[in-house]
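>>> need coordinates for the below:
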Amino acid sequence: MKWLRTGPSGAGLAGGRVCFDELVPDRRPALDRDVIVRTALAVIDRDGVAGLTMRKFGAELGVDPMAVYYYLPDKGALFDAVVEAVHDEVGELLVEEGATWQSLVWETFQRTRRVLLRHPHTIPLVGTRPVLSPRMLARADRLIAALVEVGLTAATALNIVACARSYTVGYLLVEAGVPAGPPVGAGVADADVMVAYPSLAAGMAQGYDPDRQFGMGLRALLDGFPAG
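Presented below is the predicted three-dimensional model:
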């Protein structure tokens, strides 16, 4: 454990009394790549991507901002590491007996949506930063291999995963994304306004169920692909 000095510098004699520095334990987490990435994700969750300035991030970690670059070469690498951490939360699928490629893709992107809803500010990062680190490539390779194991060709599996990923990220940008520009107004028009739009009002009468809507779209996407 490291220690911080809180008393006067040095020790000496003053009127026959010996004065020693007061030492207290430094309870800040030791700086390493994992601490940096987890802290960056927490800051993005709280303040958004724009809120992760290196000056503020250094203050959050309790270090000089330049210390971060000992572990990650630049801010882009930090964002890529955050994307990798979000995918780590999605985890790995087990190919159980009776699994189909549809069930595997369905579970993969249902999980992906649940994780991204926990970290909504990371959705633009996940959608626009294709991280090609060994860990991410290995994860993608295992998913394609699992789909090949249940009957797809590697090329078809890759196409299906790419389409399902694009659908999921696009849906989430609408469902949970932060709007560009100034804050938007009220999200639902009142009943008096909707009288002028009867077909739209009839469609909205059932209410908004994002889980059902996302599942309906993902199922339609999967059903539209050939079986091999």
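>>> could you use CA atoms for every contact and neighbour count after this?
OK.
>>> longest helix of this structure, counting residues only.
helix 154-175 (DSSP state H).
>>> now the strands for this protein?
3-5, 12-14, 17-19, 23-25 (DSSP state E).
>>> for stretch 118-130, measure first residue to last.
Using C-alpha to C-alpha, to the nearest Å, one end of stretch 118-130 lies 20 Å from the other.
>>> center of this structure, which residue is that?
Centroid-nearest residue in the chain, with C-alpha atoms, centre = their mean: Val86, separated by 3.9 Å.
>>> ok, it - contacts?
By C-alpha atoms under 8 Å, 6 or more residues apart in numbering, the contact list for Val86 reads Val115, Leu116, His119.
>>> how close does Ala176 get to Leu117?
Taking C-alpha to C-alpha as the measure, Ala176 falls 7 Å from Leu117.
>>> scratch that, Val82
In this view, Val82 and Leu117 are 15 Å apart by C-alpha to C-alpha.
>>> do the same with Glu175
For Glu175, the distance to Leu117 - C-alpha to C-alpha - is 9 Å.
>>> who has more neighbours, those two?
Leu117 (16 against 13; other C-alpha atoms under 10 Å).
>>> just to check, that one is in contact with Val174?
No: taking contacts as C-alpha atoms under 8 Å, Leu117 lies outside contact range of Val174: 11.6 Å.
>>> run a quick neighbour tally on Leu143.
22.
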